[in-house]
Structures are given as C-alpha cells and as structure tokens.
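Q: Below is the sequence, then the predicted model.
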Amino acid sequence: AVDLGALVSSIADDAADAGQPVRYVPSGPLHVTCQPNGLRRAIENLVDNALKYAGDAELSIVRDGELIRIRIRDHGPGIPETHLQDVLTPFVRLETSRSRESGGTGLGLAIANNLIAAQGGELELVNHPEGGLEAVITLRTAPRV
C-alpha cells in the first residue's frame, strides 16, 4: 500500500526544488496498492511533458468512491481532440522537428500509459475547459475481484 498524497507531493517537491513551476494541491493521505516505482515514473513522465510543452504543471488527487484520480494539468495549448489517443502510441509525436531540444522520441506518454495499465489503472488525456491539457490517472482503491 502506498500513500499517493505523499508520493505525488514528493514528485512535486523534487521538481520545485529543481526550480520547475510545479505545484501540488494537497489531498491528505489516500492509500492504494501499487508498484510505487512504476507509478512514480509514470507521473514524472507526465510532469516532464507538461513542463516541456506548456511550461508548468499542477498536480492533484481526488477520490471518487473506489476510484482515485491523479490529475496532472498544464496551462499550455493542449492537444487537438483528434490526436488525444494517438499520442499514447509509441513513437507518435505532434511536434514535427527532429530536434531533441524541441521534442523527444514519442515514448514518454506510451511508457506512462503502459506503466499505469500494468497497475490496473487507466490514463486519459483531456483538454481542460479553461485551457491546457490534463492527464488523468485512474486507480482503484481496492484490488479488482
């Protein structure tokens, strides 16, 4: 069992300590059974993407019955609706230059998606109504029967 509040807070604190504009909205302790290293890597990938493409990240956690949703929101341009699912596929990049400075290999979101799926969770990308992109990780508080 992992305290997601502590895990997400530590990711935000590490980024903020490195001078990155990352903010965590505290939620209190929320426990879930997971592989903490895999979940940490997935969240870090999503935060890195938010910083790279939007310049900021805001993290929060919400409990809804047996579901826990970790939200990583940025205030950038978002992703065209027609490409929200595409970018979860390996090697798909919306940024067309071949420069490593302006874009990666197109693996970050695919890796995050696979790491979350391995925990029985889901990753969904949605354009926030007020602008920016929101990556939503949904996990169950109890193991599936």
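A: Okay, I see it.
Q: Go ahead and confirm Ile43 touches Leu139.
A: No: Ile43 lies out of contact with Leu139 (C-beta atoms under 8 Å); the separation is 11.3 Å. The C-beta positions use only the backbone N, C-alpha and C, and glycine is treated the same way.
Q: Quick check: neighbours shared by the two?
A: Both Ile43 and Leu139 are contacted by Ile70, under the criterion C-beta atoms under 8 Å, 6 or more residues apart in numbering.
Q: Would you map the strands across this structure?
A: 2-3, 22-25, 31-32, 57-64, 67-73, 122-127, 133-140 (DSSP state E).
Q: With mean pLDDT and distance to Leu115 as extra columns, can I get those strands in TSV?
A: Below are these laid out as TSV (pLDDT from 0 to 100; distance: least, C-beta to C-beta, whole Å):
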stretch	mean pLDDT	distance to Leu115
strand 2-3	90	14
strand 22-25	96	19
strand 31-32	88	14
strand 57-64	95	17
strand 67-73	96	13
strand 122-127	95	9
strand 133-140	95	10
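Q: which one of these lies closest to Thr89?
A: Among the strands of the chain, the nearest to Thr89 by C-beta to C-beta is strand 122-127 (12.0 Å).
Q: roughly how far out does the closest one sit from the chain middle?
A: 9 Å (C-alpha atoms, centre = their mean, to the nearest Å).
Q: Please report how far the one residue sitting closest to the centre of the chain lies from Asn113.
A: With distances taken as C-alpha atoms, centre = their mean, Leu46 lies nearest the centre of the chain, 3.7 Å away. Using C-beta to C-beta, to the nearest Å, Leu46 is found at 10 Å from Asn113.
Q: What of Gly76?
A: From Gly76 over to Asn113 the distance is 20 Å, taken as C-beta to C-beta.
Q: what stretches of the chain score poorly on pLDDT?
A: 90-106, 142-145 (pLDDT under 70).
Q: Please report the residue range of the longest helix in it.
A: For the chain, the helix with the greatest residue count under DSSP state H is helix 36-54.
Q: List the buried residues for that helix?
A: Going by neighbour count (16 or more other C-beta atoms under 10 Å), the buried part of helix 36-54 is 38-40, 42-54.
Q: closest one to Ala12 among the strands of the chain?
A: Nearest to Ala12 among those is strand 22-25 (3.6 Å), distances taken as C-beta to C-beta.
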